[in-house]
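Engineer: Provided below are the primary sequence and the corresponding predicted coordinates.
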Amino acid sequence: MPRDAPDTLVCREIAMNDLEAVARCLARNFRRRSLNFWKQSLKRIERASDPPSFGYLLEADGAVVGVLLEIRHVSDLPGAPAPRRNFSSWCADAAFRGFALWLSRQALRGGEAGFLNLTPAPHTIPIIETLGFQR
């Protein structure tokens, strides 16, 4: 392992006490959006799901270095399709980009939902197609 490699690298679900660090990671990696934008977005996701569910994070030595933000939806209409999960925002700090796929693999493990990526960045399309997404 490189000398500057973290002692621990963990991929796990985002918890309520992670939201500040998650917002900071998103703001670092999506520079067109402010920290306040991400904090407000996380609040909207929190209000929209019960229990609150945000997606997954990548943590290196206790610091959030990657995020796969999900927007989950379960229809209450009779005969509606399975729950849906939209990969809303997916990022990793430069030193951890090689581990970003781990986030998606973790999210895709649960096969009970339909997965969407409604607004993929053009450079991510080959990656998400490799994961099985179809246009």
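Structural biologist: Received, thanks. In this text the structure is predicted, and so the values were computed from the model without any measurement.
Engineer: where's Ser41, which helix or strand?
Structural biologist: Here Ser41, judged by DSSP states H and E, is contained in helix 35-48.
Engineer: can you count the residues close to Ala63?
Structural biologist: Neighbours of Ala63 under the rule other CB atoms under 10 Å: 13. Quick note: C-beta positions are derived from backbone N, CA and C, even for glycine.
Engineer: could you give the bridge partners of it?
Structural biologist: Taking DSSP bridges as the rule, Ala63 bridges to Ala60.
Engineer: so it is in contact with Ala21, correct?
Structural biologist: Yes - in this structure Ala63 lies within contact range of Ala21 using CB atoms under 8 Å: 7.2 Å.
Engineer: so Arg24: helix, strand or coil?
Structural biologist: At Arg24 the chain is in helix, as set by DSSP: H, G, I helix; E, B strand; the rest coil.
Engineer: which residue ranges of this protein form strands?
Structural biologist: 9-13, 55-60, 63-73, 84-92, 114-116 (DSSP state E).
Engineer: rank the ones you listed by mean pLDDT and give me the bottom one.
Structural biologist: Lowest mean pLDDT of the strands of the chain: strand 114-116, a mean of 55.
Engineer: show me what contacts Ala48?
Structural biologist: Neighbour list for Ala48: Ile71 [criterion: CB atoms under 8 Å, 6 or more residues apart in numbering].
Engineer: from Arg32, how far out is it?
Structural biologist: Noted for Ala48: a distance of 23 Å to Arg32, by CB to CB, to the nearest Å.
Engineer: next one: Ala15
Structural biologist: For Ala15, the distance to Arg32 equals 27 Å [CB to CB].
Engineer: the bottom helix or strand of this protein by mean pLDDT?
Structural biologist: Between all helices and strands in the chain, the lowest mean by mean pLDDT, DSSP states H and E belongs to strand 114-116, at a mean of 55.
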